[in-house]
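> predicted model, plus sequence, below.
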Amino acid sequence: MTQLNGFSIIKMVHQPQNISLKKVLVAELKFGFLLLICICSGQSTETTRTQLVTAMVGDDVVLPCHLEVPLKADELEVEWGRLDLNPRFVHQWFEGSENNDDQNIVYKGRTSLFTDRLKDGDASLRLKGVKHSDNGRFRCYDAKKIDIYFVDLLVGSISLPGIGLAALDESKNGVKLDCSSAGWYPEPEIFWLDGEGNIMSAGPTENLKGPDGLYSISSRVTVEKRHNNNITCRVQQKDINQTREKHIYIQDGLFVPPSNCSVSVSFSVIFGLILLFGVAAFIWKWRLTKKSMKELKDEMKEEKHQLLKEEKDLVAMKKSDLEKDLKKRNQDVRSIAEHIEVLMKMSKEQKEQKEQLTAQRLETEEIIKKNENTLNAVYSDIENHRESRMDKRAQGFLKLREIITESNEILTKHVEFTPEKLIEGKTQEVKKLKERKQEIENHVVEIEKELKEMEEKISQLRQKPAKFSTPR
């Protein structure tokens, strides 16, 4: 942008890629010629025509711009911009097409021209979803004629006011009302109206601007009793032509009646009596409650002592039973131990008897073996000597054989008797007694453990302090 004699001349430096070098040169020559005319004439082509467009947040608006001399759409060079932004470009049209490569990011997808109206010189800009940040001056620049048009956009916002009862005003026999409303732009005004629509005298207005740029306004008024108690709070903004109202009806019962000396004295006396009775009732109730609390505390203490005594008796009884059981178990253990000792002794004696019998059996087997050898010798002798004189001798030997055989059978029966089965039976009995002894010993250990726990519990009960909480 080149500054010259107080006005601005904008040179379109961004050219579409499809424009030939010849067209670029022609455009530059035209620009130089127009610049020369402006310098020579010494007059500004900037127009002072400015229009105001108002809208509410979220509305779609049209910013008007009408060129004096209509041109073909492919010959127009129009730039919409805001000089307070960087980049300043809002929307651009260059020789038949939109060229928004340098468009400010806040307006991406929100702007467009009425292309069917360009032939009539209508270069108005359509802006969608306006915001408070869109407030400002927009410039429509005609690069062909170097004409400039300005449009001021004012985006407003409003909200409903709220009325509430603030306090009673006894001095004026009235009530005080508060009215407030937030989220306004531009700065609003607030009024109070009576039932006939007349403006009421109110206190100072408080108008605050928040960090978001929006205004909050509030006011207070004192209303006296009248024939029409309909009150209206009105908040308005003339620039955007917006008004919001809130109505309230004040019932007669809210107004304070006029003060009277006798009534005040009577009221004071009644209030004093009520207060006195109230204090007396409170003291009586407090004493009664204190007495009840003391009785309840004593009752709880007695009950606690009784419970502790019963618990101690129960624990002592259980301990006594356990001690008796332990004593009986110990006697059983000693009895079983003595029985086991006797059986072990008997088993040992039986083992010694077994060894003696084994030795006797071996000796008897030797005798039997000798008798058999002698008998065999007699048989041989009889077979070898068959004379008649030997018959008597043979008969004697046969008798001897019968005696020896009978003796062997008796010895064999005596030797075959052993106490092994008796020893085995005693051993099994000893084993069972040992197992029973082990069970009893385990039970004794458990009883001793329970007795220890009982003693600890009794000790705790004896050492436990009698603490009682006072009921509320």
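Cool, got the structure.
> please save the CA atoms from the helix or strand in which Trp93 is found in PDB.
For Trp93, the enclosing helix or strand under DSSP states H and E is strand 89-94. Listed next in PDB are the C-alpha coordinates belonging to strand 89-94 (Å, rounded to 0.1, in the frame of the first residue of the first chain):
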ATOM      1  CA  PHE A  89      -8.200  -9.100   3.700                       C
ATOM      2  CA  VAL A  90     -11.700 -10.300   4.500                       C
ATOM      3  CA  HIS A  91     -12.700 -11.200   0.900                       C
ATOM      4  CA  GLN A  92     -11.200 -10.600  -2.600                       C
ATOM      5  CA  TRP A  93     -12.600 -10.800  -6.100                       C
ATOM      6  CA  PHE A  94     -10.100 -10.600  -9.000                       C
END
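> in the protein, spot the helix with the most residues.
Counting by DSSP state H, the longest helix found in the chain is helix 261-384.
> I'd say Ile158 and Leu214 touch.
No: applying Cβ atoms under 8 Å as the test, Ile158 and Leu214 come out as separate, 10.1 Å apart. From N, CA and C alone the C-beta is placed, and that goes for glycine too.
> and Val106, how many neighbours?
Residues lying near Val106 (other Cβ atoms under 10 Å) number 12.
> so it sits against Ser133, correct?
Yes: counting by Cβ under 8 Å, Val106 touches Ser133, with 6.8 Å between them.
> chain center to the strand holding Trp93, what's the gap?
Centre-to-centre, strand 89-94 and its host chain are 53 Å apart (Cα atoms, centre = their mean, to the nearest Å).
> quickly run through the sheet partners of it, with directions.
With DSSP bridges as the test, strand 89-94 is paired with strand 77-81 (antiparallel), strand 97-98 (antiparallel).
> among the ones you listed, which gets the worst mean confidence?
Lowest mean pLDDT within the strands paired with strand 89-94: strand 97-98, a mean of 85.
> what residue ranges in the stretch 201-350 of the chain score low on pLDDT?
Within the stretch 201-350 of the chain, the segments meeting pLDDT under 70 span 226-228, 252-267.
> domain-wise, how is the chain divided?
Using automatic domain parsing, the domain parsing of the chain gives 2-154, 162-254, 304-463.
> how many residues are close by Ile458?
For Ile458, the neighbour count with other Cβ under 10 Å is 15.
> per-residue pLDDT, it?
Predicted confidence (pLDDT) for Ile458: 75.
> helix/strand/coil for it?
Following DSSP: H, G, I helix; E, B strand; the rest coil, the label given to Ile458 is helix.
> that one - nearest residue in space that isn't next to it in sequence?
Spatial nearest neighbour of Ile458, chain neighbours left out: Val315 (5.5 Å); criterion: Cβ to Cβ, 6 or more residues apart in numbering.
> that neighbour and Glu455 touch, don't they?
No: using Cβ under 8 Å, Val315 is not in contact with Glu455; the gap is 9.1 Å.
> looking at the two, which has the bigger crowd around it?
Shown here are Val315 and Glu455; by other Cβ under 10 Å, Val315 has more neighbours (16 against 12).
> residues contacting the more buried one?
Residues in contact with Val315 (Cβ atoms under 8 Å, 6 or more residues apart in numbering) are 454, 457-458, 461.
> need those residues in CSV with distance to Arg287, can you?
Formatted as CSV, the contacts of Val315 follow (distance: Cβ to Cβ, whole Å):
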residue, distance to Arg287
Met454, 47
Lys457, 42
Ile458, 42
Leu461, 37
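> distance check, the closest residue to Gly96 other than its chain neighbours against Phe94.
Among residues not flanking Gly96 along the chain, Asp74 sits closest, at 3.4 Å (Cβ to Cβ, 6+ apart). Look at Asp74 and Phe94: by Cβ to Cβ, to the nearest Å, they are 10 Å apart.
> comparing these two, which residue is more hemmed in?
Between Asp74 and Phe94, counting by other Cβ under 10 Å, Phe94 is the more crowded of the two (19 against 10).
> tell me the bridge partners for that one.
Legend: beta-bridge partners of Phe94 under DSSP bridges are Glu77, Ser97.
> for the nearest residue to Asp332 once chain neighbours are set aside, what are its contacts?
With sequence-adjacent residues excluded and distances taken as Cβ to Cβ, 6+ apart, Asp332 is closest to Ile440, at 5.4 Å. Ile440 is in contact with 329, 332-333, 336, counting by Cβ under 8 Å, 6+ apart.
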